[in-house]
Structure formats: structure tokens, C-alpha cells
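Student: below are the sequence and a predicted model; questions follow.
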Amino acid sequence: MVMTGGAVSSSVFSIALHGIGPDTIMLCFPAACFGFKILRAAALSQRVDMLGLTVISDLHFSAATKRNNTVKRAELMEKNERLLLEGERFNVHQMELNGSDGKIYHREVIRHPGAVVLLPLIDPDTVVLIRNHRATVGETLLELPAGTREPDESPTQTAARELIEETGYRAGNLLEMCEFYSAPGICDELMHLFVARDLAAGEHAREAVEQIENQLVHRNEIHKLIADGGIRDAKTLVGLYAFLFSDRLNVQ
């Protein structure tokens, strides 16, 4: 049986490097992922001290706001845009923007069907990561499993399918934690973060061009990986910060 959570608020992932203090960085994480109230370094004890961070929640958005944003995105795609490239997984459009100086500007944007990222938990302290060779950057990255939504496929269906394809694990329970834009400066890809529990191992169904290996990582190792720069993939950082700091995942 696959289960999903109820209405989930979305938020923004941003970093401010100035204005707090000489030894402090402020992070605004997706509030829906973490369920934080405003916290100070002392409140997070060793977890925050280890990374040298103060964690502060961002704004929550209602389900109605999310629906309105979806409508607005559809309207934007119909207005002042022309198709430059039609790809297998996404298209490239050119937008026409009115500048404050009265001039017309053109900007290219990737129109994407959306994607999911999974936080698969073997147990409360162990995550299934993958070593994934990324030809686009010429590196093998340590990532959370993820994948693009197919036409007419719900985020939950994509999450269940991608988990099997990339790792071989099947989830007995899927909970959607939050959604976030991966790179809103150039792309409208909306990613849905799912926690996968009650895992059963099985055969993977990786694509011929994928070079992927599973790697189980304990909570304590994740602290060090992040501190040492061992995680270089943005969606994976969002998911792992949720794993480390979310009240919804770390109820004692």
C-alpha cells in the first residue's frame, strides 16, 4: 500500500551570507520540508554546531496559492513565448519581457514537466543514496534517487516508479514532504520531495545510459559528507537537510 501525506506547503531555498554576524550564515530552508519554527544555533545543539549554521524557516504557502501558481505558469507559457527547441524531456522557449525602461527584452527558459526526488529510509538512521555518473558535468555525484514525471503521471506514481528503476527498492509507504523549484532563474522544473519507507529490495530497471550504484549512508556520515563538500547536488542537499533537521522525520 502506498500512502501520501495531505496538503503540503511550499517555500523557498535561499542563502544570505551577510547581516547576521561575523561567524553566522543564515539559511532559509523549505519550511514544509522541515516544519521549523525560528531556531537559534543553541536550539539545534551539536547538529548545527557541526555545520556552523543557524537555521531559520521561510514562508508557508497554502494549497490554494499553489493552485494559483500552477495556473499562472500555464498562462505565462501561452503569452509572449515562442518555442526554440522541442526536446525529449523538456522544451526551450523564448520569453518576451517588458523592462522598466520601456524596452522589450528576450530571455530563454526551460519548460519542464516536473520531477520527484526520493529520501529512501532503510531505517530511521540509514538513507539509500546513489552514485550517479553525470555526463553533463563529467562527474560521479552522490545523490538521492530522482526522476522526471511522465505525461499524465502523478508525482506519487513517478516517485514509486523512479525508486524501483534507480535503486530496485519498492516502497510500502510514500509521504510527500514538500515541493520546490530546482533552478527558477532558467527553468520552471517543480520538484516533489518524497520520503520512502517500508522498503523491500528487488531488481532495478536502470536505463542503458545510466551508470548508477546504490550506497547506504548512516546519519552520522551525512553530517560529515555535507561538511566536507561531498554532496554537490542541490536537490540532494534539500532532501538530506530535511532528513537531518525536519521535526516531521525526527520525532523522538
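Tutor: That came through, no problem.

Student: what sits closest to Leu193 if chain neighbours are left out?
Tutor: Among residues not flanking Leu193 along the chain, Met177 sits closest, at 4.6 Å (CB to CB, 6 or more residues apart in numbering). All C-beta spots, glycine's among them, are computed from the backbone N, C-alpha and C.

Student: just Gly230 next, same as before
Tutor: In space, and not counting its chain neighbours, Gly230 is closest to Leu142: 6.2 Å by CB to CB, 6+ apart.

Student: pull up the pairing partners for whichever strand or helix holds that neighbour, direction included.
Tutor: According to DSSP states H and E, Leu142 maps onto strand 139-143. The sheet places strand 139-143 alongside strand 126-134 (antiparallel), with pairing taken from DSSP bridges.

Student: in the partner strand, which residues are buried?
Tutor: Going by neighbour count (16 or more other CB atoms under 10 Å), the buried part of strand 126-134 is Val127, Val128, Leu129, Ile130, Asn132.

Student: same check on stretch 228-235?
Tutor: Buried residues in stretch 228-235, defined by neighbour count with 16+ other CB under 10 Å: Ile231, Asp233, Lys235.

Student: mind checking the end-to-end distance for that stretch?
Tutor: Distance across stretch 228-235, first residue to last, is 17 Å (CA to CA, to the nearest Å).

Student: export stretch 83-102 to CSV, keeping only CA atoms.
Tutor: As requested, the backbone C-alpha atoms of stretch 83-102 are provided in CSV (Å, rounded to 0.1, in the frame of the first residue of the first chain):
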residue,chain,number,x,y,z
LEU,A,83,9.3,27.6,-29.0
LEU,A,84,13.0,27.4,-29.7
LEU,A,85,13.7,23.7,-29.1
GLU,A,86,11.5,20.7,-28.6
GLY,A,87,13.4,18.1,-26.6
GLU,A,88,12.6,14.6,-25.4
ARG,A,89,12.2,15.6,-21.8
PHE,A,90,11.8,19.4,-21.9
ASN,A,91,11.4,22.3,-24.3
VAL,A,92,13.2,25.6,-24.6
HIS,A,93,11.1,28.8,-25.0
GLN,A,94,12.0,32.4,-25.5
MET,A,95,10.1,34.8,-23.3
GLU,A,96,9.3,38.4,-24.1
LEU,A,97,9.6,40.7,-21.1
ASN,A,98,8.7,44.4,-20.7
GLY,A,99,11.5,46.3,-19.0
SER,A,100,11.0,49.2,-16.6
ASP,A,101,12.9,51.3,-19.2
GLY,A,102,10.1,50.7,-21.7
